[in-house]
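Colleague: Here is my input, please return the structure:
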Amino acid sequence: MSFEELYASAPSRSLGPESEGASPRLRHRAPESPSELHATLATFSTQARALRQQVARGGVMPAAQVDNWEQVNLALDGFLRRPVAHVNSGDLLRAQSLLETELERDGFTYGDIPASLAEAVVLRVGRLAVRTAELRRLEQPPEEAEDALPRFSWPLEPVSVTSLFGYRWHPVTGVHRRHLGIDLRATQGQLIFTADKGVVLRAGRNGDHGLQVEVQHEGRWVTRYSHLSRILVEPGEAVERGNAVGMAGETGLATGVHLHFELWLDGQPMDPLEALGDAEPPPEPGAPVAQGYPAMHQGRPLAGERP
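Modeller: Numbers count the residues shown, from 1 in each chain. Predicted coordinates:
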């Protein structure tokens, strides 16, 4: 079968609807308008700044700041339940930036941030970024150019983004460097699916990426799936959208089980969130969280930089 013959229409996998199991408290605290969201964020930031001024650097985060974080997380969860058409991308970006900035400031001030709190903020940052990308796709008319962004499906389910595309402090090496993809929460041995039909370019060990699968797609697009515990395909194999290509793990330079997912076009890394499907659902109660990715490691890409 030739590469061109491979590309016929195929059904895509879709994520299920968002969980409706929100607590009454969460729904009650959900901002009903952008102005209420702005007020909630402003109150949170003011309280956080005042509390930091009361603690010497390296001191313990006070319980009041933990509660402050919990309240803003609940408010954001409620706001993210609004239909995407009723949300402004500017509001999402403002909330994302505030969460990243305030947690970084807390990390600078306090000697110890509860791990569960840091992970909870990471999940909200990821959800805000995914919703922003979804909204941008709705606002921009589809392009016909050959290099227009494709519409890929998520490589695993359920979806929780734990680290974004862009510059960050690497959680293992401590070096400030570009993160060329996104990290997705996963469990050991969880099946990883190809984001679209294509041909496997390589499947094997690749340095810090551990066990990695690389798939060539139509239009010069390439996806990469890293830190796998097991590879289920071979180089040259044709795969359809949703075929299992491997199993999640922590091979290579990883602090815990997760999937590192990359999207490339003509040798240049792209932000995968711009091409992925529907917005991620909220985290399921009690779901495991990938370890080792405090929110202050998140970063945004710098234009014109090469990997």
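Colleague: Would you map the strands across the stretch 101-250 of the chain?
Modeller: Assigned by DSSP state E, counting those that start in this stretch, the strands in the stretch 101-250 of the chain fall at 110-112, 161-163, 166-169, 176-179, 182-185, 191-193, 198-205, 211-217, 221-231, 238-239, 244-248.
Colleague: Paired strands for the second one, with orientation please.
Modeller: Paired neighbours of strand 161-163 in the sheet (DSSP bridges): strand 182-185 (antiparallel).
Colleague: is it possible to export the strands of the stretch 101-250 of the chain to a markdown table including distance to residue 120, mean pLDDT and mean neighbour count?
Modeller: (Each C-beta comes from the backbone N, C-alpha and C, glycine too.) Listed next are these as a markdown table, based on distance: least, CB to CB, whole Å; pLDDT from 0 to 100; neighbours: other CB atoms under 10 Å:
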| stretch | distance to residue 120 | mean pLDDT | mean neighbour count |
| --- | --- | --- | --- |
| strand 110-112 | 16 | 81 | 14 |
| strand 161-163 | 11 | 83 | 26 |
| strand 166-169 | 18 | 57 | 17 |
| strand 176-179 | 20 | 60 | 15 |
| strand 182-185 | 12 | 90 | 27 |
| strand 191-193 | 25 | 95 | 21 |
| strand 198-205 | 34 | 90 | 17 |
| strand 211-217 | 29 | 92 | 22 |
| strand 221-231 | 23 | 94 | 22 |
| strand 238-239 | 35 | 92 | 18 |
| strand 244-248 | 21 | 95 | 21 |
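Colleague: Residue 75: which of the ones you listed is closest?
Modeller: strand 161-163 (19.5 Å; CB to CB).
Colleague: Buried residues, stretch 254-269. List them.
Modeller: By 16 or more other CB atoms under 10 Å, the buried positions in stretch 254-269 come out as 254, 256-265, 269.
Colleague: Could you pull out the helices in the stretch 51-200 of the chain for me?
Modeller: For the stretch 51-200 of the chain, the helices defined by DSSP state H, counting those that start in this stretch occupy 63-80, 89-109, 115-139.
Colleague: Among the ones you listed, which comes closest to residue 149?
Modeller: Nearest to residue 149, of all these, is helix 115-139, at 8.0 Å by CB to CB.
Colleague: Now do the closest one: which elements does it pack against?
Modeller: The helices and strands touching helix 115-139, judged by 3 or more CB pairs under 8 Å, 6 or more residues apart in numbering; DSSP states H and E, are helix 63-80, helix 89-109, strand 161-163.
Colleague: what packs against the helix or strand hosting residue 49?
Modeller: For residue 49, the host element (DSSP states H and E) is helix 34-53. Here helix 34-53 touches helix 63-80, helix 89-109, going by 3+ CB pairs under 8 Å, 6+ apart.
Colleague: now the longest one, how far from the chain's geometric center?
Modeller: Helix 89-109 has its C-alpha centroid displaced from the chain centroid by 15 Å (CA atoms, centre = their mean, to the nearest Å).
Colleague: ok so, going back, weakest of the helices and strands packed on helix 34-53 in terms of mean pLDDT?
Modeller: Among those, helix 89-109 has the lowest mean pLDDT, at a mean of 84.
Colleague: Wait, residue 230 touches residue 212, no?
Modeller: No: look at residue 230 against residue 212 with CB atoms under 8 Å: they stay out of range, at 12.0 Å.
Colleague: Can you tell me the SS state at residue 276?
Modeller: Three-state assignment for residue 276 (DSSP: H, G, I helix; E, B strand; the rest coil): coil.
Colleague: quick one, domains of this structure?
Modeller: Domain ranges of the chain: 24-138, 161-297, per automatic domain parsing.
Colleague: deepest of those domains, which one?
Modeller: Each of the domains of the chain was scored by mean neighbour count; the highest is domain 161-297, a mean of 19, by mean count of other CB atoms under 10 Å.
Colleague: Report the distance from that one to the chain centre.
Modeller: 10 Å.
Colleague: Which pLDDT value belongs to residue 274?
Modeller: What the model reports for residue 274 is a pLDDT of 83.
Colleague: you'd agree it is up against residue 132?
Modeller: No: between residue 274 and residue 132 there is no contact under CB under 8 Å: 9.7 Å.
Colleague: if we can go back for a sec, turn the helices and strands packed on helix 115-139 into TSV, including distance to residue 54.
Modeller: Compiled in TSV, the helices and strands packed on helix 115-139 are given as follows (distance: least, CB to CB, whole Å):
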stretch	distance to residue 54
helix 63-80	9
helix 89-109	10
strand 161-163	31
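Colleague: I am finished for the moment; much appreciated.
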